[in-house]
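Novice: sequence plus the predicted model coming up.
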Amino acid sequence: MDGVLFDSMPNHVDSWIHAVAAHGLSMTREEVYMNEGRTGSGTINALAQRTWGRDATEEECKKIYKTKSEFFNTCPEAKPMPGMDRVLSWVKAVGLKRVIVTGSGQLSLLDRLNLAYPGLFCQELMVTAFDVTMGKPYPEPYLKGLQKAGVEASEAIVVENAPLGVEAARAAGIFTIAVNTGPLPDKILRDAGADLVLPDMLALAEQLPALL
C-alpha cells in the first residue's frame with residue numbers, strides 16, 4: 001500500500017523517526033525504507049534489540065506505535081501514487097483480482113482506499129497487520145493473500161516497492177515486480193529477489209500487458 005498505492009513513505013519516515021526518538025530509540029531515513037513492510041511491533045522490536053538488547057514489551061510497542069500514528073495523522077495527506085490509476089484500471093478491465101497485502105494496521109484503511117480508488121478493493125481481499133503472526137519478510141502475508149484470492153503462487157503477480165516485501169513475495173513463490181518509488185538503489189531490490197525492477201508506475205502500466 002504505502003509506496004505502491006500511495007506516495008506516503010515520506011510521511012512514514014518522519015513519523016517513525018519522531019516516534020522512536022521520543023521513546024529513547026533511533027532510526028535513520030534509510031532504515032525506515034529498509035524496514036518498510038514490517039508490522040509496527042516488528043520494527044520496534046528490531047530497534048529495541050539493537051538499543052536495549054531485548055524485545056520491547058507489549059506496552060512499549062503500543063506507546064511507540066501510538067506516538068507514530070498520532071504524528072502521522074498530522075502530516076499532509078499522501079496522494080495516490082502517480083500512474084497507479086492507469087495500472088489498476090487495466091487490471092480491472094482484464095478481470096484480475098486485486099489483493100492488498102500490507103503491514104499496516106490502520107483501522108481506516110478501506111475508507112482511504114475507497115476514496116482514492118473507488119470500487120477497486122474490498123475487505124475480503126485484504127491482508128493487514130491484524131491477519132498475520134509473522135509479517136514481511138516472512139511469506140505468511142502473501143500466502144494468506146493467495147489463500148484469500150483462491151489462487152496458486154504461479155497464478156499471481158506481486159507489485160512491491162520495499163526489499164522486505166520483495167523477500168516475502170519471493171519466499172511465497174510469486175513472480176515479483178519491484179517498482180522503485182523510494183530512494184534505495186535498484187540493486188537492493190534485485191538482491192532481495194525481485195524478478196523485475198521498474199522505475200515508476202507508468203512503466204508498470206506500459207509493461208503489464210506484455211508481461212501477462
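Specialist: Great, that's in hand.
Novice: other residues contacting the lowest-mean-pLDDT helix or strand in the chain?
Specialist: Ranking every helix and strand in the chain by mean pLDDT, DSSP states H and E puts helix 109-116 at the bottom, with a mean of 85. Outside helix 109-116, the residues that touch it by C-beta atoms under 8 Å, 6 or more residues apart in numbering are 1, 5-6, 80, 100, 102, 106, 120-121, 123, 126, 128. Every residue, glycine included, has its C-beta placed from N, CA and C.
Novice: now do stretch 51-59
Specialist: Stretch 51-59 is contacted by residues 24-26, 41, 44-45, 48-49, 64 when judged by C-beta under 8 Å, 6+ apart.
Novice: can you count the residues close to the closest residue to residue 39 other than its chain neighbours?
Specialist: Spatial nearest neighbour of residue 39, excluding adjacent residues (C-beta to C-beta, 6 or more residues apart in numbering): residue 135 at 4.1 Å. Residues near residue 135, counting by other C-beta atoms under 10 Å, number 25.
Novice: surely residue 135 meets residue 142?
Specialist: No. If you go by C-beta atoms under 8 Å, residue 135 and residue 142 don't touch, sitting 10.6 Å apart.
Novice: low-confidence stretches in this protein?
Specialist: By pLDDT under 70, the low-scoring segments of the chain are 106-107.
Novice: which parts of it are strands?
Specialist: Secondary structure of the chain (DSSP state E): strands at 100-101, 126-127, 157-160, 175-179, 196-198.
Novice: and the second one, what does it pack onto?
Specialist: Which is strand 126-127. strand 100-101, helix 140-149 (3 or more C-beta pairs under 8 Å, 6 or more residues apart in numbering; DSSP states H and E).
Novice: put the alpha carbons of stretch 111-124 into PDB.
Specialist: These are the backbone C-alpha positions of stretch 111-124, laid out as PDB (Å, rounded to 0.1, in the frame of the first residue of the first chain):
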ATOM      1  CA  ASP A 111     -12.200   4.000   3.700                       C
ATOM      2  CA  ARG A 112      -9.000   5.600   2.500                       C
ATOM      3  CA  LEU A 113      -8.700   3.100  -0.400                       C
ATOM      4  CA  ASN A 114     -12.300   3.600  -1.500                       C
ATOM      5  CA  LEU A 115     -11.800   7.300  -1.600                       C
ATOM      6  CA  ALA A 116      -8.700   7.200  -3.700                       C
ATOM      7  CA  TYR A 117      -9.600   4.100  -5.800                       C
ATOM      8  CA  PRO A 118     -13.400   3.700  -5.700                       C
ATOM      9  CA  GLY A 119     -14.700   0.200  -6.400                       C
ATOM     10  CA  LEU A 120     -11.300  -1.400  -6.800                       C
ATOM     11  CA  PHE A 121     -10.700  -3.100  -3.400                       C
ATOM     12  CA  CYS A 122     -12.700  -5.000  -0.900                       C
ATOM     13  CA  GLN A 123     -12.300  -6.100   2.700                       C
ATOM     14  CA  GLU A 124     -12.400  -9.800   1.800                       C
END
